[in-house]
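Participant: Dropping the sequence and predicted coords here.
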Number of protein chains: 2
Amino acid sequence: MKIAQVAPLAESVPPQLYGGTERVVAFLTNELVRLGHDVTLFASADSDTSGHLVPAWPRALRLDGTCRDSLIPHFLLLEEVAQRAAEFDVIHFHTGPLHFPLARRLPTAHLTTLHGRLDMPELQPFFDEFKDIPVVSISRAQQSPLPQAGWIGTVHHGLPLDLLTFEDGPGEYLAFIGRISPEKRVDRAIAIATACGIPLKIAAKVDPADREYYERDIEHLLDNPLVEYIGEIGEAQKPNFLGGAMALLFPIDWPEPFGLVMIEALACGTPVVAFRGGSVAEVLVDGVTGFIVESIDDAIRATREVGRLDRRRCRAVFERRYSVTRMATDYVALYEEMIAQAASGRALHGVA
Amino acid sequence: MKIAQVAPLAESVPPQLYGGTERVVAFLTNELVRLGHDVTLFASADSDTSGHLVPAWPRALRLDGTCRDSLIPHFLLLEEVAQRAAEFDVIHFHTGPLHFPLARRLPTAHLTTLHGRLDMPELQPFFDEFKDIPVVSISRAQQSPLPQAGWIGTVHHGLPLDLLTFEDGPGEYLAFIGRISPEKRVDRAIAIATACGIPLKIAAKVDPADREYYERDIEHLLDNPLVEYIGEIGEAQKPNFLGGAMALLFPIDWPEPFGLVMIEALACGTPVVAFRGGSVAEVLVDGVTGFIVESIDDAIRATREVGRLDRRRCRAVFERRYSVTRMATDYVALYEEMIAQAASGRALHGVA
C-alpha cells in the first residue's frame, strides 16, 4: 500500500523534545515500513524515518526562531501533499483540523487522527460543517463532545515492544511525569504521596504559559522531604525512571485524549493510579494494570494497595493491547476501508 | 457587478475598537454599494453594512472570550465563501494568506488585498509557491520584500470625504496617535516636541504584548510638562484631536504598510511630520502635506516649519488622492481585469 503520513511541523518526527503526536507518527511510520508498505512521511527536514522523508520545512518550528507564523509552513506542507495526492493510495493526516478545507477537495482516500482535546466550543460549528472528513480518535472518550464528526473508528496508541523494558520492581517511589499544569494536577500527586509516606519523584517541565501557576500553586509544595523534583527528562532516562517506580500517579483533571505515559509505565511493568477522566477507563484495567480513582482519599487507598498488583501482568497487557504492531494493523484496516470507499465514490461518479 | 468582500473576523466591520483592515473593508463595501454594485460582505454578525451581510461568526473574535483558536471560525468563513463562489463575479479577500490554498482552487475571479507587513522570512517560500494568487498592495513599498508574489497593483486606502472635517487651524499642539510600541516610536515624538517647546498630545493604547516596553522605555518619559497622555480615543474623538493639532508626528521605525492616520490627519487639514519608511514617501508630498525626515534633528527643524504649510492644500490633496470613491474605483478596475482573465482562462480550458 502506498501511504502518506502527514505530521505537524512543531517538532521533528520523532521529536527532540516533548511532542506526543510526532512520537506516535514516528512509531507508526517505521512500523508500516516494517510491515512492507511504501510510506512517505511529510515532516520537518530534521526528522528521521525509515520511510521516504519529504522535508516540508527546514527544521522543527519549536526550534526555528525565524518563523513567526507557524501557519505558513503548514500551508506549504499541505499544498505539497495536495499536489502529490495522486501518488498515494491513502493519506493519513495528523495536522489537527488545519487540512480539512483542502482534504475535502482531494481525490485520494484519506483519514485524520485527531490527537488533541475536542471540547472547545468553536469546534461545534466546525464539525457540523466538516462532518464528511473521516476522523479517528485516540480514545472513545475523546469523541464524546463531537458526536457529529465523521468518526470511522478509535485507534489506541501503541509503542515498539523494545522501547521500554520490563523491570521486576517493585520500586520504592511513586513517579509523576508530564507538564506542570492545572490539567495534570501534580499537587494531587504530592498530597497522595505525603499521605502514604512514600517518596515521589517528579519529572516535569514548566511551559511559559504555566509559569505563573507553577510559582503560585506548586513551587512551595516541592519543599517536602518526600518530594524530589528532577525537571524534564529525555527518552533515554524514561526506562529507569518509570521502571524503577512502584506506581505511576496520573491524577489528571481534564479529558485526557490518550495519555501515552500510562502505557509507557505498563511497558515497564509499572502499574498506574489514575483519576477517572478522558481515556483513563479505556486504557487501564482497574485492579489489574492499576487503579482508577475518583478522589484523593480513593487514590491514597489505591496507592497503599498498588504494590500488590502483578507487574508481569501489566507488561503482558501492554504487549497485547499497546504494541506498535497492533496500532499499525488497526490503521491499515481503516486505510483499506477508506480506499474502498473512495473507489466506490469514483465508480459512482464515473471517474476511472 | 456581483462582488463578495471577505473580511477577517478579529473585529466587526466596521470595528468597535482599533482595526484598520476592518475599517477599510467597511468604507469600501459601502462605497461599492453606493456606486451601484451588488455587494455581499462575509464578516462577523455584529457588523453593519449597506451590502448583504453573511454572518460568518456570531461576534468579532477579539470580543469573543469563548473562542480559543481563531483559525476555526476563519476556516468556516472561507468554506462558506468557497461554497457560494459561483454566485459572484469576483471575490475580494482581506484575510491575509489564510485563504490561499482554497482560493487557488476557486473557479471564480478573485483578488486579495494584503494589509500587513510582508518582511517575515517564512513568507519567502510561501509566495514562491503561491505566486499565482492575484494580490494587491496598499503601498508600492509594501511589495518590496516579495517581488515573486502575484502583484496586480497597488491601491492606496481612501476615506469618506465627510468622515473628518477640515479645521482651519493652525492648532497649538502636536498630535501622536497609535499603539505604544517599538515600531511607532512615541519616544521620538516626545523628544521632538520637547526640543521645539510645543505641547504634545498622545492618543494611544498599550497592547498586552507591549506592556513591558511601555513600562521600561516610555512611562517615565510621560512625566514631562509638555506631554499629555490621553489614552485610547474612539472614532468620535478623532476629528477634534487631529483637526486641532498643528501637525501629526509619525516617527515610525518600521516598514509601515500604509498608515491610515496620515490621511486622517490630511482630511482635517493637518500636515504630517513623518520618518521615511514603508509607505511614507508615497502617501505624503514632501513640503506640501508635511515633511519627510530621516533623523530627530531633521524632525525638529521640520516641526518648527510645519505651521507654515497650507492646511487647505493638505485637505485638497486628501480629497483628490484619498477619497473612498477613488479607492473603490481603483478596485473596480482590478475586479474587471480579474473577471476578464478568469473568463479567458475558462475559454482556454473549454469551460462555458
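Facilitator: Structure received.
Participant: tell me the mean pLDDT over whichever strand or helix holds A:Ala82?
Facilitator: If you go by DSSP states H and E, A:Ala82 is part of helix A:71-83. Per-residue pLDDT values across helix A:71-83 average out to 96.
Participant: next one: stretch A:231-249
Facilitator: Here the average pLDDT along stretch A:231-249 is 92.
Participant: Helices of the stretch 101-250 of chain A, residue ranges please.
Facilitator: Per DSSP state H, counting those that start in this stretch, the stretch 101-250 of chain A carries helices over the ranges A:123-129, A:186-196, A:211-213, A:238-243.
Participant: if we can go back for a sec, for whatever helix or strand comes next after the helix holding A:Ala82, which strands pair with it and how are they oriented?
Facilitator: On the C-terminal side of helix A:71-83, the closest following helix or strand by DSSP H and E is strand A:90-93. When pairs are called by DSSP bridges, strand A:90-93 turns out to pair with strand A:2-6 (parallel), strand A:109-114 (parallel).
Participant: Provide a list of residues in contact with A:Phe318.
Facilitator: A:Phe318 makes contacts with A:159, A:263, A:266-267, A:289, as judged by CB atoms under 8 Å, 6 or more residues apart in numbering or on different chains. Every residue, glycine included, has its C-beta placed from N, CA and C.
Participant: ugh, wrong one, I meant A:Thr165
Facilitator: Neighbouring residues of A:Thr165 by CB under 8 Å, 6+ apart: A:239, A:243, A:267-268.
Participant: how near is it to chain B?
Facilitator: 39 Å (CB to the nearest CB, to the nearest Å).
Participant: Please give me every residue in contact with whichever residue of the stretch 101-250 of chain A sits closest to chain B.
Facilitator: Nearest residue of the stretch 101-250 of chain A to chain B: A:Glu122, at 4.4 Å (CB to the nearest CB). Contact analysis of A:Glu122 by CB under 8 Å, 6+ apart lists B:66-69, B:72-73.
Participant: at 10 Å what do you get?
Facilitator: Going by CB atoms under 10 Å, 6 or more residues apart in numbering or on different chains, A:Glu122 touches B:57, B:61, B:64, B:66-73, B:75-76.
Participant: Ok, A:Leu98 next?
Facilitator: By CB under 10 Å, 6+ apart, the residues touching A:Leu98 are A:6, A:8, A:70-71, A:74-75, A:77-78, A:112, B:71, B:75, B:101.
Participant: Which two among the residues you listed are spaced furthest apart?
Facilitator: A:Ser70 and A:Thr112 (18.6 Å; CB to CB).
Participant: Looking at those two, which one has more neighbours?
Facilitator: It is A:Thr112, of A:Ser70 and A:Thr112, that has more neighbours when counted by other CB atoms under 10 Å in any protein chain shown, with 25 against 17.
Participant: Show me what that one bridges to in the sheet.
Facilitator: With DSSP bridges as the rule, A:Thr112 is bridged to A:Phe93, A:Val135.
Participant: quick one: it from A:Gly51, how far?
Facilitator: A:Thr112 sits 19 Å away from A:Gly51, taking CB to CB, to the nearest Å as the criterion.
Participant: again with A:His99
Facilitator: In terms of CB to CB, A:His99 sits 19 Å off from A:Gly51.
Participant: before we move on, what about A:Thr21?
Facilitator: Distance of A:Thr21 to A:Gly51, computed by CB to CB: 16 Å.
Participant: what's the answer for A:Leu242, then?
Facilitator: Separation of A:Leu242 from A:Gly51 (CB to CB) stands at 28 Å.
Participant: any low-confidence regions in chain A?
Facilitator: For chain A, applying pLDDT under 70 flags the ranges A:349-352.
Participant: Around chain B, which positions in it sit nearby?
Facilitator: A:57-58, A:61, A:64, A:66-73, A:75-76, A:78-80, A:82-83, A:96-102, A:104-105, A:120-130 (CB under 10 Å from any CB of the partner chain).
Participant: May I see the contacts of A:Leu98 arranged in JSON lines, with distance to A:Asn224 as well?
Facilitator: Shown next, in JSON lines, are the contacts of A:Leu98 (distance: CB to CB, whole Å):
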{"residue": "A:Val6", "distance to A:Asn224": "45"}
{"residue": "A:Pro8", "distance to A:Asn224": "37"}
{"residue": "A:Ser70", "distance to A:Asn224": "39"}
{"residue": "A:Leu71", "distance to A:Asn224": "43"}
{"residue": "A:His74", "distance to A:Asn224": "43"}
{"residue": "A:Phe75", "distance to A:Asn224": "48"}
{"residue": "A:Leu77", "distance to A:Asn224": "46"}
{"residue": "A:Leu78", "distance to A:Asn224": "48"}
{"residue": "A:Thr112", "distance to A:Asn224": "44"}
{"residue": "B:Leu71", "distance to A:Asn224": "42"}
{"residue": "B:Phe75", "distance to A:Asn224": "47"}
{"residue": "B:Pro101", "distance to A:Asn224": "52"}
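Participant: What subset of those residues is buried?
Facilitator: A:6, A:8, A:70, A:74-75, A:77-78, A:112, B:75, B:101 (16 or more other CB atoms under 10 Å in any protein chain shown).
Participant: Distance to B:Pro199 added to the residues you listed, as TSV?
Facilitator: Shown next, in TSV, are the buried ones among the contacts of A:Leu98 (distance: CB to CB, whole Å):
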residue	distance to B:Pro199
A:Val6	59
A:Pro8	53
A:Ser70	45
A:His74	49
A:Phe75	48
A:Leu77	54
A:Leu78	54
A:Thr112	60
B:Phe75	49
B:Pro101	51
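Participant: Among those, which one sits closest to B:Ala343?
Facilitator: The nearest member of the buried ones among the contacts of A:Leu98 to B:Ala343, counting by CB to CB, is B:Pro101 at 23.7 Å.
Participant: Setting aside sequence neighbours, what's the nearest residue to that closest one?
Facilitator: A:Leu102 (5.4 Å; CB to CB, 6 or more residues apart in numbering or on different chains).
Participant: Pull the contacting residues for the one you found.
Facilitator: Shown in contact with A:Leu102 (CB under 10 Å, 6+ apart): A:75, A:78-79, A:81-82, A:85, A:93, A:95, A:110, B:101-102, B:104-105.
Participant: For the stretch 251-352 of chain A, which segments count as strands?
Facilitator: A:272-275, A:290-293 (DSSP state E, counting those that start in this stretch).
Participant: that older thread, adding mean neighbour count, write the helices of the stretch 101-250 of chain A out as TSV.
Facilitator: Conversion of these to TSV gives the following (neighbours: other CB atoms under 10 Å in any protein chain shown):
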stretch	mean neighbour count
helix A:123-129	18
helix A:186-196	21
helix A:211-213	12
helix A:238-243	20
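Participant: and the strands paired with strand A:90-93 as a markdown table, adding distance to B:Val13?
Facilitator: Converted to a markdown table, the strands paired with strand A:90-93 look like this (distance: least, CB to CB, whole Å):
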| stretch | distance to B:Val13 |
| --- | --- |
| strand A:2-6 | 35 |
| strand A:109-114 | 32 |
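Participant: quick one, the helix holding A:Ala82 and strand A:109-114 angle?
Facilitator: Orientation check (axes from the mean of the first three to the mean of the last three CA atoms, to 10 degrees): helix A:71-83 against strand A:109-114 gives 150 degrees.
Participant: My understanding was that A:Glu11 contacts A:Arg62; is that so?
Facilitator: Yes. Look at A:Glu11 against A:Arg62 with CB atoms under 10 Å: they come within range, at 5.9 Å.
Participant: between these two, which one's more packed in?
Facilitator: Per other CB under 10 Å, whichever of A:Glu11 and A:Arg62 has more neighbours is A:Glu11, with 26 against 18.
Participant: Pick out the residue in the stretch 251-352 of chain A sitting closest to chain B.
Facilitator: Counting by CB to the nearest CB, the stretch 251-352 of chain A gets nearest chain B through A:Trp254, at 13.9 Å.
Participant: Spit out the contact partners of that residue.
Facilitator: A:117, A:119, A:181-185, A:275, A:277-278.
Participant: Now with 8 Å, please.
Facilitator: A:Trp254 makes contacts with A:117, A:183, A:277-278, as judged by CB under 8 Å, 6+ apart.
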